[in-house]
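S.K.: Predicted model and sequence follow; I will ask about them next.
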Amino acid sequence: MATAPLSRFPKRNCAISTPDSVLFFLAPALPASRSTPRSSISRFSTSSSQWARDNNKNRGVSAVRATGLRKRQTLHVTVDDLPIPIPKEKFTTKIPVDEDHALWGFFNKEKRLLATPEEDAAHGRAWTVQELRQKSWEDLHSLWWVCVKDRNRLATEQIIRDTRKLGYGAYESDTRDQTIRATQRAIRHTLTERWYTWEEARKAARSDPEIDLNAAVGEAYVPMDYDLEIESDPPEAEVEAETVEPEIVEEQPESERSENRSRKERRAAREVVA
Amino acid sequence: MVRFGRKEVYLPNAVIALMKSEHLPATHAKFRVPLTFSKLDLRDYLYHAYGLRTDKIRSYVQQQRVQHDRPDATMPQQNKWFRPKAIKHMTVEMDKPFLWPEDPDNWEPWSKEIFNELQQNANDRDKPATRVKAAKMEGDTLATQARELLEGKKRWRRTPVDEEAVEVDSDVKI
């Protein structure tokens, strides 16, 4: 059995042995003796303050508190042995970036960090609804995606400009963004219009005798024979028409117009159905 | 293998922004997305818009600090509180690394020098030290002028006042 060194045993505190401190709580009115050490009354720890040393060589040395080494402490390595870290500026491990990386889509075509305010301001007005009415769905859809990507680029650049305080250009960026949004709104407007046109055409087709909405694809429109209508007219009327020229000359255009209108409607409905 | 959603969105309205994230590996990219976005939304969006395939996405919502009154208030009140909308960030993992482009050589197109100067002036304007400095400069100038007058280096001159108004073309008969 290992015997503890003598120094590990505390020297008995003599505070208890003094009679003054024993009598203090028995007769609190009496003034406490000044000779009693204050620490003997209020000390929390049961350990004696008489400890000279706890034989812990690393007492007070902490890596967490960055106290450093104690006096005359030696380590296996010296400061000179330590490797010197490479500064960040000289750390030149090149990471190859693809020329066609998908994230280049968030930058301008020249793959620069920021587009200049001049470049951002180099744009015209937004597309108008009138112009977009002429465009096909494919055109409108691709234009929409161009708008979406450009807005993403502007948002990316705006964050760079804000966080790093890189100067002016926010106004140009905002103006461009507003223009793009106007274009997008016009696209939506055009498509909404188209949808209502389709809906109206469908309603018209329901009451049209030439169109069968339940038919197979491509067979919905069965045009009536116009020649039969014209031939069914009585021949006497034609003779009368020839005799009375001026009146019928006025009437003919009207009838043609009405026929044309109905044909146009039918044609539009047929296109829509097809 | 990456799977995609089946809901077809023809006209997406979301705006997402790529953010610089130097503390992350080069194969990671950070985005600022709308609050309504989910990871699945971002995955489909990135693939269909940019052709970027990602299957690992992590997201967090950054709550914003409370501030006095709305940012557009002309006279912000101290007893009114306003919290800006939270910001959602998403980090995606990619197959290929990506590095941001270098900074431009000069910031002349962005007028950065003027910008910095004006920013500095705006920051200093309300500081008490600036007012003290301005007052001291004014006092020094006055003291110098007084000393020069007393020493006879300069002569007292009346401050030039605008001449009295003279009616022009008074001789013209109307």
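M.R.: Cool, got the structure. Numbering: from 1, shown residues only, chains lettered A, B, ... in the order given.
S.K.: what number of residues lie near residue 134?
M.R.: Chain wasn't specified; assuming chain A. 8 (other CB atoms under 10 Å in any protein chain shown). To be clear about C-beta, it is placed using only N, CA and C from the backbone, and glycine gets the same treatment.
S.K.: Can you look at chain B instead?
M.R.: Count around B:A134 with other CB under 10 Å applied: 10.
S.K.: Just the pLDDT for it.
M.R.: Per-residue pLDDT puts B:A134 at 86.
S.K.: Assign a three-state SS to it, would you?
M.R.: Look at B:A134: counting by DSSP: H, G, I helix; E, B strand; the rest coil, its state is helix.
S.K.: Likewise for B:K88?
M.R.: With three-state DSSP as the criterion, B:K88 reads strand.
S.K.: Enumerate every residue touching the residue of chain B found nearest chain A.
M.R.: Using CB to the nearest CB, the single residue of chain B nearest to chain A is B:W110, 3.2 Å away. Shown in contact with B:W110 (CB atoms under 8 Å, 6 or more residues apart in numbering or on different chains): A:114, A:116-117, A:166-169.
S.K.: Restricting to the residues you listed, which residues neighbour chain B?
M.R.: Checking the contacts of B:W110 against chain B by CB under 8 Å from any CB of the partner chain, the ones in range are A:114, A:116-117, A:166-169.
S.K.: mind checking how far the residue in chain A positioned nearest to chain B is from A:G124?
M.R.: Going by CB to the nearest CB, chain B is nearest to A:G167 of chain A, at 3.2 Å. Note on A:G167: its distance to A:G124, by CB to CB, to the nearest Å, is 25 Å.
S.K.: Within range of chain B, give me the residues from the stretch 101-250 of chain A.
M.R.: Going by CB under 8 Å from any CB, the residues of the stretch 101-250 of chain A near chain B are A:101-103, A:105-107, A:111-114, A:116-118, A:141, A:144-145, A:148-149, A:151-152, A:155-156, A:158-160, A:163, A:165-169, A:184, A:187-188, A:191.
S.K.: one more time with 6 Å, if that's ok
M.R.: Applying CB under 6 Å from any CB of the partner chain, we find that the stretch 101-250 of chain A lies next to chain B at A:101-103, A:105-106, A:111-113, A:116, A:144, A:151-152, A:155-156, A:159, A:166-169.
S.K.: Buried ones among these?
M.R.: A:101-103, A:105-106, A:113, A:116, A:144, A:151-152, A:155-156, A:166-169 (16 or more other CB atoms under 10 Å in any protein chain shown).
S.K.: in which helix or strand would I find B:A143?
M.R.: Following DSSP states H and E, one finds B:A143 within helix B:128-151.
S.K.: export that helix as CSV, just CAs?
M.R.: Only the C-alpha atoms of helix B:128-151 are listed here, as CSV (Å, rounded to 0.1, in the frame of the first residue of the first chain):
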residue,chain,number,x,y,z
PRO,B,128,-21.1,65.2,-32.1
ALA,B,129,-17.3,65.2,-32.8
THR,B,130,-18.0,66.6,-36.3
ARG,B,131,-20.0,69.5,-34.9
VAL,B,132,-17.3,70.3,-32.3
LYS,B,133,-14.7,70.2,-35.1
ALA,B,134,-16.8,72.5,-37.3
ALA,B,135,-17.4,75.0,-34.4
LYS,B,136,-13.7,75.0,-33.6
MET,B,137,-12.7,75.7,-37.2
GLU,B,138,-15.2,78.6,-37.3
GLY,B,139,-13.8,80.0,-34.0
ASP,B,140,-10.2,79.7,-35.2
THR,B,141,-11.1,81.6,-38.4
LEU,B,142,-12.8,84.4,-36.5
ALA,B,143,-9.9,84.7,-34.1
THR,B,144,-7.4,84.8,-36.9
GLN,B,145,-9.4,87.5,-38.6
ALA,B,146,-9.6,89.6,-35.4
ARG,B,147,-5.9,89.3,-34.8
GLU,B,148,-5.1,90.4,-38.3
LEU,B,149,-7.4,93.4,-37.9
LEU,B,150,-5.9,94.4,-34.6
GLU,B,151,-2.4,94.1,-35.9
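S.K.: for the chain, which spans come out with low pLDDT?
M.R.: Here I'm looking at chain A. Within chain A, the stretches with pLDDT under 70 are A:1-52, A:227-274.
S.K.: sorry, should have said chain B
M.R.: B:1-2.
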